[in-house]
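J.: build me a model from this:
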Amino acid sequence: MFILKFLKKNKTVKYGVPMLLLVVGGSFGLREFTQIRYDAQKIRKRLDPSLEAKVNVEKQSVMLEEEYEKLRRINLDEWKNIRGPRPWEDSREYQEQQRSRPSKTD
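T.: Below is the predicted model of the structure:
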């Protein structure tokens, strides 16, 4: 009986132990909740098996030499830089205007 009264009056037992349980228990609880989040993301990221097979085949078949040849065939001398529209401008109208305008180097 004396020990029970002593423990009720002790500030460490009254405030410290519940706080310690809250911190340690919260840590374990948060770990479980975050694990649920990451498990859900893994499930969402899974692809359809047929689509995944196509993606893997495409990744393996790309050769550096083939990509270099594709880039070599493109005529970069005729390329023209067209600025994108600002938020207050009509994008299609502005892009048509930029395409029809002669370049500054002509």
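J.: distance of the residue minimising distance to the centre of the chain from residue 5?
T.: Central residue of the chain (Cα atoms, centre = their mean): residue 41, 11.2 Å from the mean position. Distance, residue 41 to residue 5, using Cβ to Cβ, to the nearest Å: 52 Å. The C-beta positions use only the backbone N, C-alpha and C, and glycine is treated the same way.
J.: ditto for residue 82
T.: 84 Å.
J.: same deal with residue 99?
T.: 89 Å.
J.: ok, now residue 32?
T.: Residue 32 sits at a distance of 38 Å from residue 5 (criterion: Cβ to Cβ).
J.: again, but for residue 38
T.: In terms of Cβ to Cβ, residue 38 sits 48 Å off from residue 5.
J.: tell me where this protein is predicted with low confidence.
T.: Along the chain, the model assigns pLDDT under 70 to residues 47, 55-62, 102-106.
J.: let's go with 80 and repeat that
T.: Along the chain, segments meeting pLDDT under 80 span 1, 4, 7-8, 44-63, 76, 78-85, 89-91, 94-95, 97-106.
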